[in-house]
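Visitor: What follows is a predicted structure for the sequence shown.
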Amino acid sequence: AMARAHTHYVRGEYAVTEVICQAIVDSAPNRADALLLLGAAAYQRGDFARCAKCNAEAIRIDPLLAEAYVNLANALSQLGAMD
């Protein structure tokens with residue numbers, strides 16, 4: 001399912017990506033990779049709060065997931081939380 005979600009993401013089909021990733025997270029809450037992609041899709045749709053939440057959860061699960069820190073910072077910046 002992650003490969004399918006990634007394919008939709010690359011195509012710019014962010015809503016479909018979110019649906020697939022959310023289903024993965026619902027069935028396996030500790031999938032940091034699914035949370036990372038879910039957050040990326042949310043960011044692309046302008047849902048910066050959801051992006052921040054997904055990446056914060058991904059960091060909680062995998063504190064060494066560097067990409068999640070960058071994504072979280074970008075989302076917080078968009079929300080004005082880093083001014």
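Guide: Here it is on my side, so go on.
Visitor: check contacts around the residue most central in space within the chain.
Guide: A centroid search over the chain (CA atoms, centre = their mean) returns residue 39, at 1.7 Å, as the residue closest to the centre. Residues in contact with residue 39, defined by CB atoms under 8 Å, 6 or more residues apart in numbering, are 50-55, 58, 68, 71, 75. C-beta here means a position set from N, CA and C on the backbone, and glycine is covered the same way.
Visitor: Could you give the number of residues near residue 18?
Guide: By other CB atoms under 10 Å, the residues close to residue 18 number 24.
Visitor: The helix or strand containing it: which residues count as buried?
Guide: Per DSSP states H and E: residue 18 is located in helix 14-27. Buried positions in helix 14-27, judged by neighbour count with 16 or more other CB atoms under 10 Å: 14, 16-18, 20-22, 24-25.
Visitor: quick one, strands of this structure?
Guide: Here the chain has no strands by DSSP state E.
Visitor: so where's it uncertain?
Guide: Filtered on pLDDT under 70, the chain yields the residue ranges 82-83.
Visitor: could you redo the last one with a cut-off of 90?
Guide: 81-83 (pLDDT under 90).
Visitor: picking up where we left off before, would you format the buried residues of helix 14-27 as TSV with distance to residue 34 included?
Guide: Shown next, in TSV, are the buried residues of helix 14-27 (distance: CB to CB, whole Å):
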residue	distance to residue 34
14	14
16	14
17	10
18	10
20	8
21	5
22	8
24	4
25	5
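Visitor: number of nearby residues for residue 9?
Guide: 20.
Visitor: Am I right that it is in contact with residue 17?
Guide: Yes: shown here, residue 9 and residue 17 form a contact pair, counting by CB atoms under 8 Å, at 4.4 Å.
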